[in-house]
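**Q** Provided below for reference: sequence and predicted model.
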Amino acid sequence: MSVVEAVRTRTRTRRRWVVLALSGVLVLIAGLSLSLGDYPLSPDQVWRTLWGGGERVEAYVLFQVRAPRLAMALTAGAALGTAGALLQALLRNPLASPDLLGISGGSGVAAVFALLVLGTTGPVLTVFAFAGGLTVAVLLLFAGRGQRAGGYRLILAGIGVAFLCTAITNFLMVRAQVEQTQTALLWLTGSLSSTPWWQVVTLVLVGIASVPAVIASARWLPINQMGPATAAGLGIHPSRVQVVAVGAAVLLTAATCAFIGPVGFIALCAPAIARPLLGHGAIGVGSSAVVGATLLAAADLVAQFAIPGLQLPVGVVTGALGAVFLLWLLGTSKGRNL
Amino acid sequence: MSTDILSPRLVARGLSAGYPGRRVIEDLDLAIAPGRVTMIIGANACGKSTLLGVLARLRPPMAGTVELDGVDATTLSRRRFARAVGLLPQQPSAPEGLTVAELVSRGRHPHRGVFQRWSPEDSAIVDSALASTGMTELADRPVGDLSGGQRQRAWIAMALAQDPRILLLDEPTTFLDLSHQIEVLDLLRELNRTQGTTIVVVLHELNLAARYADELVVMSHGRVVAHGAPADVLTAEVVAEAFSLDALVMPDPLTGTPLIVPVPGGAHSAADHA
């Protein structure tokens, strides 16, 4: 057998096991999300209701309350995981993520502006959040363009934009009425409670639309990672890779942000978990999506049940767990790249 | 030889390149001899790496053109160009944990469409690239764990998997000890002799360049000051002009190629020279 085939087969087999194991965890968490709650359902009841055999209350709880919430957690988590994997591979920096680059911040400013100044809610707010994220991304691409559009330039520009966004958001919050501020704050923390189906469907459609760009990025980024000279020597267009990868990441992040708010850390953590599992210098776009979905669904479970009688916004949980995870990652990664 | 016909011609015409406000190379003409080993030598900052970068389309020329088989290279898609011309940059970097086999496989990139699957032909080419660089045994080792010489062979294998007719290398022996330098240069020469690949190398070591080159290009201050067979080109005058160095040039006792022996205290600073 060919030498390279043998190595490739080993890599593929490992990837298959990783995806299988991750999917197992995901199914487990999904099952828990569907059965736990104020109206507990046994796994048996869940199963029966899913196939149309349950009572009306059960069907209502499952299909109108828990399923859309779970579906949103999975879709949004997958979108964020993918966006994080793309940005980290593009910038060759394990700390790159849409939060750090200010894309979530841009969505936040726009949404808070719409909420506090214009008094809008619902779908219009979503459009504002999306436009905000997109605006930041265009600014970033503009700032990071040019001959040596290396990762650091984009990251520095992103950090600057993120700070600016925070400043504007704070300004808007300070000037607003207290009750309004409360609503804005909840949105800014990120929450999955009371998700309607149309949001899930829209996000899934955005996800499907970004698939070609994600696949192209997944093919180009490993080459791009080997440095501008090697990449160019192998026929890669660095500026094109940048536009396609950042474009896909932004679309996914901004759309997610628009529905559930700027939930932090998923995009940062998912690839950091997926990559070591795969090994071999993989960028792990697909696995990051699965990890992201699992993480967000798990975080939402914790948010709902960690403190009895109190529903936390999921953003609080991802923030807290993500920070601990990041510190642990830094502590255990002596001598190797993250 | 028939390989001369197969190798495309890489030609620079009236080439200027550099940075805004400072041209590193100015109005340079150079035709790379197809199917031969060309080595570019010159003092630091003479523009040899810049020239290689323009030839490889890493940087656009500020004036003039690079032609591949008579076609302006900028009109070709990057992928199409990469199928004909391979590049091994000066200190390439591999992502953490990447194995030799996977690194070499990436050389197939320009031959595959974005949505095209890996083919048995790709495997066969990667296998033969591994074999001809002696890397088969190390195929499943991470690149980061290899010695300097092995790592350079792995990168050359990647360039071979790209299957280019012209291979450009920027100081491929830097940071290698002498025996590994010889090993790499022997490998390049063997590739040239067995597969007819045109090889262009920017090299620092004058004596090695003189020994391994079929054609020597001597550069100074962004111009080509001499171009031809090492024995014809490498004279004491040329060495003095290009390197600001007084040296004896004598035949290498083993190969008969020119051997540069610097005169003690014979180095003039660039300021003296100017």
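**A** Perfect, I can see it now. Residues are numbered from 1 along each chain as shown, chains lettered A, B, ... in the order given.
**Q** switch to C-alpha atoms for all contacts and neighbour counts from now on
**A** Fine.
**Q** which residue, other than its chain neighbours, is closest to A:Ala231?
**A** A:Asn224 (5.1 Å; CA to CA, 6 or more residues apart in numbering or on different chains).
**Q** surely A:Leu41 is in contact with A:Ser33?
**A** No: when contacts are counted by CA atoms under 8 Å, A:Leu41 is not listed as touching A:Ser33 (10.1 Å).
**Q** which of those two has more neighbours?
**A** Taking neighbours as other CA atoms under 10 Å in any protein chain shown, A:Leu41 and A:Ser33 compare with A:Ser33 leading, 21 against 18.
**Q** which one is that one nearest to, not counting chain neighbours?
**A** Per CA to CA, 6+ apart, closest to A:Ser33 is A:Leu301, 6.3 Å.
**Q** quick one: the helices in the stretch 1-150 of chain A?
**A** With helices called from DSSP state H, counting those that start in this stretch, the stretch 1-150 of chain A shows them at A:3-35, A:43-50, A:56-60, A:67-91, A:103-113, A:123-143.
**Q** make JSON lines out of those helices and add distance to B:Pro92 and mean pLDDT.
**A** Converted to JSON lines, the helices of the stretch 1-150 of chain A look like this (distance: least, CA to CA, whole Å; pLDDT from 0 to 100):
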{"stretch": "helix A:3-35", "distance to B:Pro92": "21", "mean pLDDT": "90"}
{"stretch": "helix A:43-50", "distance to B:Pro92": "54", "mean pLDDT": "84"}
{"stretch": "helix A:56-60", "distance to B:Pro92": "59", "mean pLDDT": "85"}
{"stretch": "helix A:67-91", "distance to B:Pro92": "16", "mean pLDDT": "93"}
{"stretch": "helix A:103-113", "distance to B:Pro92": "31", "mean pLDDT": "88"}
{"stretch": "helix A:123-143", "distance to B:Pro92": "26", "mean pLDDT": "83"}
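**Q** can you put those helices in TSV and add distance to B:Glu96?
**A** As requested, the helices of the stretch 1-150 of chain A are exported to TSV (distance: least, CA to CA, whole Å):
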stretch	distance to B:Glu96
helix A:3-35	15
helix A:43-50	43
helix A:56-60	49
helix A:67-91	12
helix A:103-113	28
helix A:123-143	27
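**Q** in three-state terms, label the residue in the stretch 101-250 of chain A that chain B sits nearest to for me.
**A** As assessed by CA to the nearest CA, chain B sits closest to A:Gly235 within the stretch 101-250 of chain A, at 4.1 Å. For A:Gly235, the assignment made with DSSP: H, G, I helix; E, B strand; the rest coil gives coil.
**Q** A:Pro43 is in contact with A:Gly31, isn't it?
**A** Yes: under the criterion of CA under 8 Å, A:Pro43 makes contact with A:Gly31 at 7.2 Å.
**Q** and for the closest residue to B:Ala45 other than its chain neighbours, the neighbour number?
**A** Closest residue to B:Ala45 apart from its sequence neighbours, by CA to CA, 6+ apart: B:His221 at 7.5 Å. By other CA under 10 Å, 18 other residues sit near B:His221.
**Q** on the pLDDT front, check B:His221 for me.
**A** According to the prediction, B:His221 has pLDDT 89.
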